[in-house]
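[1] Need coordinates for the below:
(one chain, ligands or ions: 1)
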Amino acid sequence: TSKIAQAEKEGRTWWSFEYFPPRTPQGLANLYDRCQRMSELGPAFVDITMHAGGRTLDLTNDLVKIVQSYIGIETCMHLTCTNMPREKIDRALELAKEAGCRNILALRGDPPAGQHEWEPHAAGFTYAKELIAYIKEHYGDYFSIAVAGFPEGHPEAKEGRDVELKHLKEKLDAGADFIFTQMFYNYDIFAEWMKDIRAAGITCPVVPGVMPIQTYSGFQRATERFGTLVPQYFHDALTPIRDDDEMVRKVGTQLVGDLCKKIIDPNNGLGISGLHIYTMNLERGSRMLLEYLELGPTPQQVKSLPWTPSLTPKRR
Ligand code: FAD
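    Residues are numbered from 1 along each chain as shown. Okay, here's the model as predicted:
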């Protein structure tokens with residue numbers, strides 16, 4: 001079993017950190033250090049994204065190898081279909097396997113920068129479900145497969161919620177094991193969507209996407225880019241302090257932390273135990289969020305670290 005399945009089975013609260021491949025060698029060196037430092041926060045695994053268009057394909061593979069083999073944390077590699085002929089997909093999967101990575105987030109991918117409409121590659125796949133079927137066919141159960149879910153609806157969806165849920169279910173029927181969601185800040189929308197996916201016959205574990213608020217401009221950029229709905233009380237709390245980064249982080253941590261508390265509350269009936277944390281390659285927001293939630297590494301994780309972590313486990 002993968003670490004994801006293991007963590008889900010144990011029922012304890014767990015979390016993963018998502019990083020994207022930086023553009024420069026200096027950025028890569030910084031990320032390596034940060035990722036190593038953040039391993040003391042006890043992520044169950046680390047996600048490495050893939051730039052739409054396959055531009056960072058090699059970097060994604062390299063980062064997976066570095067994190068998996070040298071830092072020693074379980075990885076989940078994002079694999080997209082944008083501009084990807086089958087041979088590139090084969091290579092990415094082979095390299096992931098060689099690096100010891102056992103988890104793939106199978107995605108269709110965004111359109112490349114500057115392009116609005118998504119177009120399939122002539123020798124590739126059109127939907128994520130085809131990629132999942134392909135991975136299953138060639139690798140059997142070697143990889144755990146996660147897929148994307150959109151509590152606020154996929155931006156391209158034209159045919160309504162039921163059709164979208166049907167497409168989501170098709171990905172699970174094709175062999176996926178987990179759903180990682182797009183980030184959201186509205187608990188009610190998420191809870192409603194959870195009820196709808198369960199009613200649609202989707203039974204797999206769901207890992208909600210959470211983005212810590214680290215600066216006001218970063219928060220605004222991300223929510224605009226993904227069209228995320230921001231509750232009015234977030235605006236009310238953040239707008240007056242928008243120029244004070246320290247305050248934004250502090251108040252942002254409370255806002256996102258309280259949302260997380262509601263999400264992982266065992267009494268809410270949603271059965272959520274994992275959080276997918278969009279780090280934006282930064283450390284403090286994720287660290288502050290976990291401290292606020294009083295979450296830390298397991299004693300086992302602490303033992304495997306070559307140094308003593310500053311964060312002490314409280315809740316688990
Ligand atoms: P699909 O599930 O294939 O769906 C795409 C669209 O097609 C949806 O509207 C769906 O309803 C529709 N559809 C599906 N099947 C059918 C069908 N049979 N007939 C008609 N319509 C259909 N993007 C990146 O480029 N790189 C990343 O690393 C990355 N990481 C992500 C991580 C997470 C957790 C999430 C939530 C998203 C991520 N994305 C990433 C974004 C994602 O690639 C895009 O949102 C993309 O537009 C949708 O991908 P998908 O895998 O959900 O596609």
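
[2] Can you tell me which residues in the stretch 101-250 of the chain are near the ligand?
    Proximity of the stretch 101-250 of the chain to the ligand, by Cβ under 6 Å from any ligand atom, involves residues 105, 107-110, 127-128, 148, 154, 156-157, 164, 167, 171, 180-182, 209. (Each C-beta comes from the backbone N, C-alpha and C, glycine too.)

[3] and the residue most central in space within the chain, what element?
    For the chain, His276 is the residue whose C-alpha lies nearest the centre (Cα atoms, centre = their mean; 4.4 Å). Per DSSP states H and E: His276 is located in strand 274-278.

[4] Can you show me the CA trace of that strand as PDB?
    The C-alpha coordinates for strand 274-278 follow below in PDB (Å, rounded to 0.1, in the frame of the first residue of the first chain):
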ATOM      1  CA  GLY A 274      -6.000  14.400   4.700                       C
ATOM      2  CA  LEU A 275      -5.300  18.000   3.700                       C
ATOM      3  CA  HIS A 276      -3.500  18.800   0.400                       C
ATOM      4  CA  ILE A 277      -1.500  22.000   1.200                       C
ATOM      5  CA  TYR A 278      -0.600  24.300  -1.700                       C
END
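
[5] so the residue nearest to the centre of the chain touches Val207, yeah?
    Yes: contact criterion Cβ atoms under 8 Å: His276 and Val207 qualify, at 4.7 Å.

[6] which residues are in contact with both of these two?
    Shared contacts of His276 and Val207, defined by Cβ atoms under 8 Å, 6 or more residues apart in numbering, comprise Ser16, Phe180, Thr181.

[7] show me what contacts the closest residue to the first one other than its chain neighbours?
    The spatial neighbour of Ser16 that comes closest, neighbours along the chain excluded (Cβ to Cβ, 6 or more residues apart in numbering), is Phe45 at 5.0 Å. By Cβ under 8 Å, 6+ apart, the contact list for Phe45 reads Lys3, Ile4, Ser16, Ile73, Glu74, Thr75, Cys76, Asn103.

[8] where does the residue in the stretch 201-316 of the chain that the ligand sits nearest to land in three-state SS?
    The nearest approach of the stretch 201-316 of the chain to the ligand comes at Gly209, 5.3 Å away (Cβ to the nearest ligand atom). Of the three states, Gly209 takes strand under DSSP: H, G, I helix; E, B strand; the rest coil.

[9] What is the neighbour count of it?
    Gly209: 22 surrounding residues under other Cβ atoms under 10 Å.

[10] Same check on Cys204?
    By other Cβ under 10 Å, 17 other residues sit near Cys204.

[11] So it belongs to a strand, correct?
    No: judged by three-state DSSP, Cys204 forms no part of a strand; its state is coil.

[12] Quick one, grab the pLDDT at it.
    Looking at Cys204, its pLDDT is 96.

[13] That one against Asp173, yeah?
    No: at 10.6 Å, Cys204 does not count as touching Asp173 under the criterion of Cβ under 8 Å.
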